[in-house]
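> turn this into a model:
(one chain, ligands or ions: 2)
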Amino acid sequence: MPNRRNVYLFYKKSEELLEKIQPLHKLAAEHDFKLVNTMQEANIIVAVGGDGTFLQAVRQSGFRDDCLYAGISTSSDPSFYCDFHIDDTAKMLEAMTTESIEVRRFPVIDVTVNNSHSFYCLNECSIRSTLIKTFEMDVYINDLHFETFRGDGMIISTPTGSTAYNKSVSGAVVDPLLPCMQVSEIASLNNNTYRTLGSSFILSNAHTLTLKLINDDNHYPTIGMDNEASGVRHVEELSIRLSDRQIKTVKLKDNSFWRRVQRTFL
Ligand code: NAP
Ligand code: MN
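Ligands and ions are numbered 1, 2, ... in the order given. Next up is the predicted model:
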């Protein structure tokens, strides 16, 4: 990685982790990488923890498209966004000293709430009832009124997010080389009055999904942006599309998306 030398380490500052990352400081110094104190100065942002930490590193740094993100896992479980393991410094060293590192790009979705407030998501945007009650919304694909949903909520996931929340509600696992987003229901009511598609569906980057809440009792669902709740309290309309932005990670041999899927689930 000849042109990228400023590294920011993103991790939860616990005593245990502080100790675990000591070898990374040494490794960086030995190979002429500079550990910087802010994410803005960095052109490589390294999340140390798990997928949850990686999602936070990307969010807190503003979904930058001018830096490389890398994940280092600290647990023995396989992780989707973490290509490295904290104990495997040889693999990190190999990536650090490779002249022309290959880059992998992950699609991100763009969400606008109430036509005013926008944010990105790397895993998914979720909308979920916060009460022991269903809520209703009209679902539009562009200007087509597609269905009226009533139930617990919906998950709009990216390809890399397809193995997370989306998979728990029987959504399909999607190849991240496909620029698309998947819409999955969470417990829809389906009867003679309410009818929804019932299966997940996948939209290309040509389409915008709009969810218009039908709010008859002042009950507002919660919006999840990856592992964080959005601060917008009175959500009336959500508009979601694939972003032009993508985030970049290091591409390693023997760690393709489908290998990770196999390792994690099969
Ligand atoms: P968490 O509740 O600790 O995460 C749930 C699990 O999902 C963790 O094992 C996490 O891995 C894993 N994960 C995260 N992103 C993934 C991905 N792209 N592919 C496969 N597994 C993934 O919360 P978190 O760690 O902050 O992760 C946030 C994500 O959890 C959300 O974006 C959502 O997708 C997912 N989630 C799932 C459910 C569900 O399945 N019922 C409900 C809520 C949220 P690590 O242990 O490496 O962090
Ligand atoms: Mn986690």
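> got the confidence number for the residue in the stretch 101-250 of the chain positioned nearest to ligand 2?
Nearest to ligand 2, among the residues of the stretch 101-250 of the chain, is Asn227, at 7.3 Å (C-beta to the ion). (Glycine included, C-beta is placed from N, CA and C.) We have a pLDDT of 96 for Asn227.
> what is the neighbour count of it?
For Asn227, the neighbour count with other C-beta atoms under 10 Å is 17.
> for it, give its distance to Lys212.
26 Å (C-beta to C-beta, to the nearest Å).
> got it, and Ser239?
9 Å.
> do the same with Ile44
Taken as C-beta to C-beta, the span from Ile44 to Lys212 is 41 Å.
> figure out the helix or strand that the closest residue to ligand 2 within the stretch 51-200 of the chain lives in.
Minimum separation of the stretch 51-200 of the chain from ligand 2 (C-beta to the ion) falls at Gly52, amounting to 3.0 Å. Per DSSP states H and E, Gly52 falls inside helix 51-60.
> report the contact partners of Thr148.
Glu136, Met137, Asp138, Val139, Tyr194, Arg195, Thr196, Ile214 (C-beta atoms under 8 Å, 6 or more residues apart in numbering).
> direction included, what does the helix or strand containing it pair up with?
Element membership of Thr148 [criterion: DSSP H and E] is strand 144-157. Paired strands of strand 144-157, with direction, are strand 124-128 (antiparallel), strand 135-141 (antiparallel), strand 180-188 (antiparallel) (DSSP bridges).
> reformat the ones you listed as TSV; add distance to Val261.
TSV is the format used below for the strands paired with strand 144-157 (distance: least, C-beta to C-beta, whole Å):
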stretch	distance to Val261
strand 124-128	17
strand 135-141	28
strand 180-188	15
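> what about Phe257, neighbour count?
19.
> isn't it up against Asp175?
Yes. With contact defined as C-beta atoms under 8 Å, Phe257 reaches Asp175; the gap is 6.5 Å.
> ok, back up a step: in contact with the residue of the stretch 51-200 of the chain closest to ligand 2, which residues are there?
Contacts of Gly52 by C-beta under 8 Å, 6+ apart are Asn227.
> does ligand 1 sit close to stretch 256-266?
No. Stretch 256-266 stays clear of ligand 1 (C-beta under 6 Å from any ligand atom), getting no nearer than 6.8 Å.
> please apply the same query to stretch 68-80.
Yes. Residues of stretch 68-80 contacting ligand 1 under C-beta under 6 Å from any ligand atom: Ser79, Phe80.
> pLDDT of that stretch, averaged?
The model assigns stretch 68-80 a mean pLDDT of 92.
> return the residues of the stretch 151-266 of the chain in contact with ligand 1.
Residues of the stretch 151-266 of the chain lying near ligand 1 (C-beta under 6 Å from any ligand atom): Thr160, Gly161, Thr163, Ala164, Tyr165, Ser168, Asp226, Asn227.
> between those residues, which is nearest Arg64?
Closest to Arg64 out of these is Asp226 (15.5 Å), distances taken as C-beta to C-beta.
> roughly how far does that closest one sit from Val111?
Applying C-beta to C-beta to Asp226 and Val111 gives a distance of 11 Å.
> so between Ile44 and Lys212, which is more surrounded?
Ile44 (21 against 16).
> Cys82 and ligand 1, how far apart?
7 Å (C-beta to the nearest ligand atom, to the nearest Å).
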